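Novice: have a look at this prediction, sequence included:
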Amino acid sequence: MKPKATSRLTIRRPDDWHLHLRDGAMLAAVLRESARHFARAIIMPNLVPPVVTAEQARLYRNRILAALPSGANFTPLMTLYLTEETDPEDVALAHADGIATAVKLYPAGATTNSGSGVRDFDRIRPVLDRMAEIGMPLLVHGEVTDSEIDIFDREAVFIDRVLKPIRKKNPDLRIVMEHVTTEDAVDYVRDTHRNLAATITTHHLIINRNHILAGGVRPHFYCLPVAKRERHRIVLVQAAVSGDPRFFLGTDSAPHADHAKLAPCGCAGIFTATNTLSCLAEIFEAAGRLDKLEAFVSINGANFYRMPLNDDRITLVRGEPVIYPATIESGEGTVTVFDPGFPLHWRAET
Ligand code: NCD
Ligand code: ZN
């Protein structure tokens with residue numbers, strides 16, 4: 001007799017270790033989508049202008065807290081956008097005061113609003129040294145930006161050209177490779193037993209590059225790092241469902257209004273906040289590893305960040321497919337919700 005399919009799954013409330021909330025009208029619209037299910041999130045600093053100083057992070061956090069729906073229990077964990085001018089002491093003070101949890105490294109030009117990012121990695125050494133001393137994590141957007149490097153190779157090249165040298169000079173620095181998309185990155189993290197972890201997004205567990213390009217171009221599947229070949233996606237799923245403590249969820253939910261996505265030069269970013277948990281439950285179930293979902297969404301990240309696990313629980317219920325809204329309205333335009341392309345049977349009880 002077939003064992004009865006699991007129909008209810010209760011796990012610790014999850015956290016999102018990589019999230020774009022934006023600001024203003026967009027913030028108000030998307031924040032509730034994350035606050036509904038997630039207890040904490042690492043908030044990306046790539047606003048215009050970017051969140052560079054402790055004071056900017058404090059003000060941005062206040063704006064997020066003010067935009068929370070009443071009764072929401074959600075803690076934004078702020079990050080500072082690393083520039084070549086960043087002051088190591090400002091960073092250390094922001095960390096000591098609990099204003100900034102981590103620092104984000106964008107190579108200049110790598111992605112949306114990364115123009116103020118780093119060009120000369122030697123110039124950020126004093127900040128990295130200070131962060132290593134105080135145990136503050138560095139979150140890296142792991143792609144080189146040189147135009148001669150093929151966009152599908154930019155993550156693998158970043159590991160060799162940038163990440164390995166940084167880790168060699170500063171092995172005590174705690175690093176999260178954000179939104180890994182390749183077998184190369186997964187292997188590198190697996191082979192490293194100290195001070196290195198990786199986030200994996202919801203969408204990179206579901207789409208490969210055919211989804212973006214075969215049979216017509218689909219801007220709503222375009223994000224950075226861009227999705228790779230199917231064999232990479234399979235390795236990402238294996239890493240996510242393995243329970244390995246070095247891999248955890250960072251949705252990289254990145255809203256852009258449709259008019260900015262569906263344009264001759266469309267923005268990178270996929271908005272998954274609304275249906276992320278349903279998508280993930282489906283993936284873990286298909287892999288026969290629902291028992292590892294809690295590690296991926298609720299445990300591994302908190303442990304890496306040396307934060308307490310959330311005490312409260314949420315229950316996922318399996319039933320008839322859940323119909324999510326295809327779009328949400330933002331005041332800055334319509335935002336399309338990620339369509340995984342398969343029915344979602346799991347719904348989080350709120
Ligand atoms: C992000 C955004 O829109 O801010 N876009 C994306 O494709 N992921 C930036 C980023 O995280 O690279
Ligand atoms: Zn991101």
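Specialist: Now that the structure is in, tell me what you want to look at. Just so it is clear, the model here is predicted, and its values are computed rather than measured. Ligands and ions are numbered 1, 2, ... in the order given.
Novice: please count neighbours and contacts with C-alpha atoms only from this point.
Specialist: Noted.
Novice: what parts of the protein come near ligand 1?
Specialist: Within the chain, the positions near ligand 1 by CA under 6 Å from any ligand atom are 111-112, 223-224, 252, 254, 268-269.
Novice: rerun at 5 Å
Specialist: Residues of the chain lying close to ligand 1 (CA under 5 Å from any ligand atom) are 111-112, 223-224, 254, 268-269.
Novice: farthest-separated two in the residues you listed?
Specialist: Within those, two members stand farthest from each other by CA to CA: Thr111 and Ala254, at 11.5 Å.
Novice: coming back round to it: and the residues of the chain next to ligand 1, which of them are buried?
Specialist: Burial by neighbour count, 16 or more other CA atoms under 10 Å: within the residues of the chain next to ligand 1 this picks out 111-112, 223-224, 254, 268-269.
Novice: helices along the stretch 151-300 of the chain, start to end?
Specialist: Using DSSP state H, counting those that start in this stretch, the helices of the stretch 151-300 of the chain run over 154-158, 164-169, 183-190, 209-213, 230-241, 258-261, 276-286, 293-294, 300-304.
Novice: reformat these as CSV; add distance to Leu65, mean neighbour count and mean pLDDT.
Specialist: What follows is the helices of the stretch 151-300 of the chain, written out as CSV (distance: least, CA to CA, whole Å; neighbours: other CA atoms under 10 Å; pLDDT from 0 to 100):
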stretch, distance to Leu65, mean neighbour count, mean pLDDT
helix 154-158, 34, 20, 97
helix 164-169, 35, 14, 95
helix 183-190, 34, 18, 98
helix 209-213, 35, 17, 98
helix 230-241, 30, 20, 98
helix 258-261, 26, 17, 98
helix 276-286, 22, 21, 98
helix 293-294, 26, 22, 98
helix 300-304, 21, 21, 98
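Novice: which one of these lies nearest to Trp346?
Specialist: Nearest to Trp346, of all the helices of the stretch 151-300 of the chain, is helix 276-286, at 5.0 Å by CA to CA.
Novice: next, the angle from that closest one to helix 230-241.
Specialist: Helix 276-286 and helix 230-241 are oriented at 100 degrees to each other (axes from the mean of the first three to the mean of the last three CA atoms, to 10 degrees).
Novice: what ranges do the helices span in the stretch 1-150 of the chain?
Specialist: With helices called from DSSP H, counting those that start in this stretch, the stretch 1-150 of the chain shows them at 24-35, 54-67, 88-96, 125-134.
Novice: how about low-confidence regions in the stretch 101-250 of the chain?
Specialist: Within the stretch 101-250 of the chain, the set of residues satisfying pLDDT under 70 is empty.
Novice: quick one: Arg13 and Pro325, what's the gap?
Specialist: Distance, Arg13 to Pro325, using CA to CA, to the nearest Å: 23 Å.
Novice: what about the two, which has more around it?
Specialist: The residue with more neighbours, out of Arg13 and Pro325, is Arg13; 20 against 12, by other CA atoms under 10 Å.
Novice: for that one, give its distance to ligand 1.
Specialist: If you measure Arg13 against ligand 1 using CA to the nearest ligand atom, to the nearest Å, the figure is 23 Å.
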